[in-house]
Each structure stands twice: as C-alpha cells, then as structure tokens.
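Got a sequence here, can you build the structure:
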Amino acid sequence: MLRHPFEAVVIGSGATGGVAALTLAQIGLRVLVIEAGPELTSKEALGSEPQNTFKRINRIICGEVKVQAQHPGYWKNNPSLYINEKDNQYITPKNNEFIWTQGRQVGGRSLTWGGITLRLSESDFCSAKIDNFGPEWPINYMDLEKHYSYLEKLLKVHGNRDGLEQLPDGHYLKSLPFTASEQIFKNNLTKSLNYPMIHSRGFGGHDIIKDGLWPRYSSVGSTLKQAIKTGKVELLTNHIVEYISLDSSQKLANGLHVINIQTKEREKLDCKLIILCASTIQSLKILLNSSENIRSKGLIDPSGKLGSYLMDHISTCRFFSIKNDQEQEKTKLHKLTGAGSFFIPFGKNLDTNIKVDFLRGYGIWGGIDRFEPPDFIKTKTKTKTGFLIGHGEVLPYEENKVSLSKQLDKWEIPIPNIDFRWKDNELRMVNHMNISIENCIKASGGEVEPIHDLIRIPFLKEISQKALALQDSPPPPGYYVHEVGGAPMGTRQENSVLDKWNRLWQCKNILVVDGSCWPTSSWQSPTLTMMAITRRACIESIKNQS
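Below is the predicted model of the structure:
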C-alpha cells in the first residue's frame, strides 16, 4: 500500500535510480521508486565469509547462476546479489554468448559495482563526427561538466588531477597510494615507453566507521539514502514493471503496469512523469514491450531503432610477475578497489609504433600486489603478482540489438533476445591491446605468465583454462557489465530514439537515462557518466517541458 501521492516514478533503484530520485526530490517533486526486488538489510546484502563461499558453490550446483558465475564479481560479492537465471531467462543465438549480469534488490547493481569513476572527454562525445561512424551524441562535455563535479563531491571519490586531455580531471579526495611495486612499474613505464600511468579514480574499500553500514559506492549508501531522507521519496519493492501505457493521443504516458512478484497481482499506477533507470537491457525490455509493435496505442518510435546499437567493452587480460623483495611490503595488505589500482589511459592517443588498423581507442586497468598470495604457494620468490586488463570502445552496429522473443517468462512477459557479436574492428583492437600490455610488462621488468604458473593451488590450471577472461580470445559481450545503447539520444527523431533531454521523441514524459541512452560507448567505465546524464536530464527536462 502506497502511503503518499507521487508526481514522478523512477524505475530502478541502482546507480542512476538513486541519482534520479535525489535530483527530483531536491527539485521538490514527490517521487515513487519502483524496485523489482526486495529491500535488504546491509547484513543480508553484503553477507560474510565463509557463508558467501558456501552460497556461491550451492547456487552453481543448483544451476541458478551458470552465466553470471563466470564474472569475477560473483566471487568477490555476496552471491545473493546476482539474479536467479532460471526465473529470469533471456535468449541468444546459438554459439553467440552474451553474459547478462542482473541485480534485483534495492540498490541494484550499484551493490556490486567496482567503483571506478572516470569522466568522458570532449573527443569521446565527438567520435562519430571525427570518424563518421555511427550515431552522434547530441550533447558535449560541457553539458555534463557541472554534473560530474557535483557527483564527485557528493560521493567523495579519490583521484589525482593528471592534466590529460583524454581523461578530464575532476574533484577528488586525495588519491590512494600506489603499492611499491606499482610505483616501480610506473617509473619503468615512463622511462622506457613514456606511457601515461595514473592513480585510478573512484572509491576505496568499504569503511564501516567512515561510510556507515552501506558502502559509499552503492545508491543505498549515498544517493538513494539521501533521497529518502528528504521525505519526498517512497519505495515500492518486489514489483516488476511490465509495460507503460499511453493516453489516446499516444503522446503522453499515463500509467505503469506492474506485477507484484509475491502475490502475482497486476496493477496499473497512474503517473505523470516516468524516469527509466532499470539498467540498459531491462529498460529496453520495458520500452519494447510498451511499443505499438506489441500493443494497441503503444509507444511510437519514428526511427525504428529501438533496441539497436547495443554496445559493451571488449577486453583482454594478462597476469604477470615483477621483482620486488622489499621487506616492508611483505606484511602489508593492499586492497584492489576502484581507487586502489591504476590506469594507463590511452584513449585514442595510442602507440602508433604498433599498427593501428581500427577506429576508436582503449585504456588499460591494472594492479600489482593487490591480491598477493602467501609466499609458500607462490612459484617465484621475491616477486609480486600483477594484472593488466584492456577495456576497448566498441562501435555502434545496428545489428547488435535487443528484441523480444515469442517465449514468455514466469510472469508472462516476453523474454529478451540479445544478439551481439564482436566485429573485425574490435578484434583488431584486441591485438593492439595485447601488444601494448606485453610491452608494458616487458618495460617494467616483469614476465607475462598464466595465473596457474604463478600460484601453486590444486586444480588451478584446470579452472583457469576455463575462465573466460584468461582465454586467448576476448571474453564474450557483457562480461564486464558495461553494456550501453539500444535507445540512443540524437538530434533528429528519424535516426534516434531520444532527444537531447533524454525524452522519447513522441512521448515527452518518459525519460530514459541509464546506459541504454548512449549513442557510442567510449572506453571508460560508464557508471559516473550515466549518473551525470541522469542528473542533467531530470533537471533540464523539467525546466524545458513542452
């Protein structure tokens, strides 16, 4: 039973949902936030060891997380934060895997976010204008600059002002220090290759004393928590949004059709303003199921592009060992976090000594001595273990898309069909990444080695040889949970789904602000930019209502 009337509905309670709720409440609107899953206590959400490990194994044995268990986050977080795949199915073409990681609880996937906060640069917003490939952004860096700054101050992220054009500086707490091995790596990299290497930007580990019971990178520990404190925000949990209905003119949304997952009852909620923050594929699923292709008097998409241009980051990974026998480092524990790590942020400023036969660019994330095993199981003494992971921009292809199948799920809602393939451009980029990564490791005095050759653990070789991130070929799309696109913003309704204020062209009281609104993917971790887009859209769309 809802306790208060509401003026706006936010669908989803994760990173963008929290920002939307807070922004609208600050403007003065009364807001309803709909979440498909339950509201958990911090103890229930974060879990503890060894219980989390037992739950991970049990869920795999029961077949609940066959796909999501391939993501490294599953082995770091409470496995209860990953959705039951038996009840939440999707379809992919044969031999064309897509890993769709979902979180269904208050806080959504913000509870399993890695916590890296990188801004996009002006050149990232202009990529399509520069190389004439794919849709163009209708906004630029300056449109988001003040929103980036607001969020960085609000969330208290760590970082350093590095003066790089391809990665604009922000407002940071003091950067977290490099480990001694990372500093050696940086010194050698600068001296030998003159590559940029910076402190990663984002969050440190969860500190209960400073942050409270919830991690600061989660919406329930930051934006959503503050939104609820305003007294203008109410949560409706355990309700799935089935579709959006329109008035007789098909120009305005007038209702949300929801399903109570506990009672299975269906209900229509009257609404004047809808903000879609359900996550990229979930938002596309709702929009597609609301379209005139599915139901009478449904949403109109003049472009015919709804669902098209799905993107993700393509990646590759290498482990290595580097010499370091400093005594003080032996007992020091260095956490791997969003800010406790480093970046080699090439962007489009790639090493042209390596053949560049592809469009766009990439960055390399890494860490050394961040998950160091005990000496007695290491194969090499007086060394530290490191990794480098390349994240590359994927071009927007119309044929990479989400559509709805004829198969229905347990709620009688059409199951999404995700058709996504790496193309030649991305595979050529991976070749460049691998050479760059190996050059970095060689320049640092390190040695590239499989993880099973660095650590003596029974069956590690058999396990690592099956791990998607450790194969010669890149992991399948969706692996790093950076999917964007499908409802791109644009300047004309003939070739985009949303206008520059994130409104559907033919239905101005629906805003789509999560990753689905992106016309291009860039190479940076996308969450901070999603949040900045959300804040801008909520403020400016209300200001410019027509």
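
Just the helices from the stretch 101-250 of the chain, written as ranges.
Taking DSSP state H, counting those that start in this stretch to define them, one finds helices in the stretch 101-250 of the chain at 122-125, 127-131, 141-155, 180-193, 208-211, 223-229.

quick one: secondary structure of residue 285?
Under DSSP: H, G, I helix; E, B strand; the rest coil, the three-state class of residue 285 is helix.

Make a markdown table from the helices of the stretch 101-250 of the chain and add distance to residue 484, mean pLDDT and mean neighbour count to it.
To be clear about C-beta, it is placed using only N, CA and C from the backbone, and glycine gets the same treatment. Below are the helices of the stretch 101-250 of the chain laid out as a markdown table (distance: least, CB to CB, whole Å; pLDDT from 0 to 100; neighbours: other CB atoms under 10 Å):
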| stretch | distance to residue 484 | mean pLDDT | mean neighbour count |
| --- | --- | --- | --- |
| helix 122-125 | 12 | 97 | 19 |
| helix 127-131 | 13 | 93 | 15 |
| helix 141-155 | 15 | 98 | 17 |
| helix 180-193 | 30 | 95 | 19 |
| helix 208-211 | 28 | 92 | 11 |
| helix 223-229 | 20 | 98 | 21 |
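
In a markdown table, list these along with distance to residue 301.
Formatted as a markdown table, the helices of the stretch 101-250 of the chain follow (distance: least, CB to CB, whole Å):
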| stretch | distance to residue 301 |
| --- | --- |
| helix 122-125 | 24 |
| helix 127-131 | 20 |
| helix 141-155 | 24 |
| helix 180-193 | 47 |
| helix 208-211 | 42 |
| helix 223-229 | 30 |
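
For residue 491, which of the ones you listed is the nearest?
Across the helices of the stretch 101-250 of the chain, residue 491 has its closest neighbour in helix 127-131 (11.5 Å, CB to CB).

Pull the residues that contact the closest one.
Contact partners of helix 127-131, identified using CB atoms under 8 Å, 6 or more residues apart in numbering, comprise 123, 133, 134, 135, 136, 137, 359, 360, 393, 519, 520, 522.

give me the element the last one is part of.
The one in question is residue 522. For residue 522, there is no host helix or strand (DSSP states H and E).

contacting residues around it?
120, 124, 127, 393, 529.

Would you map the helices across this structure?
For the chain, the helices defined by DSSP state H occupy 15-27, 42-46, 51-61, 122-125, 127-131, 141-155, 180-193, 208-211, 223-229, 280-290, 424-443, 451-454, 460-464, 527-543.

Same list, these, but as a markdown table with distance to residue 388 please.
Output for these, formatted as a markdown table (distance: least, CB to CB, whole Å):
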| stretch | distance to residue 388 |
| --- | --- |
| helix 15-27 | 26 |
| helix 42-46 | 29 |
| helix 51-61 | 26 |
| helix 122-125 | 22 |
| helix 127-131 | 24 |
| helix 141-155 | 26 |
| helix 180-193 | 10 |
| helix 208-211 | 29 |
| helix 223-229 | 32 |
| helix 280-290 | 27 |
| helix 424-443 | 5 |
| helix 451-454 | 13 |
| helix 460-464 | 16 |
| helix 527-543 | 21 |
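
Local confidence estimate at residue 468?
pLDDT for residue 468: 63.

just to revisit the earlier point, what is the nearest of the contacts of residue 522 to residue 92?
residue 393 (22.3 Å).

so how far is residue 425 from the closest one?
10 Å (CB to CB, to the nearest Å).

Now do the shared contacts for those two.
residue 360.

Show me which of the two is the more surrounded one.
residue 393 (26 against 18; other CB atoms under 10 Å).

In contact with the residue most central in space within the chain, which residues?
For the chain, the residue sitting closest to the mean C-alpha position, by CA atoms, centre = their mean, is residue 482 at 4.0 Å. Residue 482 sits next to 312, 313, 391, 515, 521, 525, 526 when contact means CB under 8 Å, 6+ apart.

Look at the fourth one and report its pLDDT.
Residue 515 carries a pLDDT score of 98 in this model.

What about it, how many residues nearby?
30.

now swap in the second one and tell me
By the other CB under 10 Å criterion, the neighbourhood of residue 313 contains 29 residues.

so where's the chain shaky on pLDDT?
Residues of the chain that meet the criterion pLDDT under 70 lie in 1, 325-332, 376, 451-471, 545-546.

Can you give the domain ranges for it?
8-115+215-310+485-543, 169-201+314-392+422-470 (automatic domain parsing).

Residue 415 is nearest to which of these?
Closest of the domains of the chain to residue 415 is domain 8-115+215-310+485-543, at 5.4 Å (criterion: CB to CB).

Out of the helices of the chain, which gets nearest to residue 407?
helix 280-290 (12.9 Å).

check contacts around residue 260.
238, 239, 266, 267.

okay if I get those residues as a markdown table plus distance to residue 344 and neighbour count?
Output for the contacts of residue 260, formatted as a markdown table (distance: CB to CB, whole Å; neighbours: other CB atoms under 10 Å):
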| residue | distance to residue 344 | neighbour count |
| --- | --- | --- |
| 238 | 44 | 19 |
| 239 | 44 | 21 |
| 266 | 51 | 13 |
| 267 | 51 | 13 |
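
There's contact between residue 354 and residue 432 in this structure, I believe.
Yes: counting by CB atoms under 8 Å, residue 354 does reach residue 432; the two are 5.5 Å apart.

Counting neighbours, go ahead and name the busier of the two.
Using other CB under 10 Å, the more surrounded residue of residue 354 and residue 432 is residue 432, with 22 against 14.

quick one: that one and residue 350 touch, right?
Yes: taking contacts as CB under 8 Å, residue 432 lies within contact range of residue 350: 6.8 Å.

Find residues that contact each of the two.
Counting by CB under 8 Å, 6+ apart, the residues touching both residue 432 and residue 350 are 356, 362.

Return the residues in contact with residue 109.
Here residue 109 is in contact with 14, 15, 101, 102, 103, 279, 481 (CB under 8 Å, 6+ apart).

How much space separates it from residue 311?
For residue 109, the distance to residue 311 - CB to CB - is 17 Å.

Same check on residue 444?
Taken as CB to CB, the span from residue 444 to residue 311 is 32 Å.

can you check residue 377 too?
39 Å.

what's the answer for residue 348, then?
In terms of CB to CB, residue 348 sits 17 Å off from residue 311.

related to what we said a few turns ago, columns distance to residue 323 on top of the contacts of residue 522, output as TSV?
Listed next are the contacts of residue 522 as TSV, based on distance: CB to CB, whole Å:
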residue	distance to residue 323
120	37
124	37
127	40
393	34
529	38
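
nearest to residue 259, of those residues?
residue 529 (31.5 Å).

contacting residues for the closest one?
By CB under 8 Å, 6+ apart, the neighbours of residue 529 are 119, 120, 144, 148, 522.

Kindly report the same for residue 2.
Here residue 2 is in contact with 32, 234, 236 (criterion: CB under 8 Å, 6+ apart).
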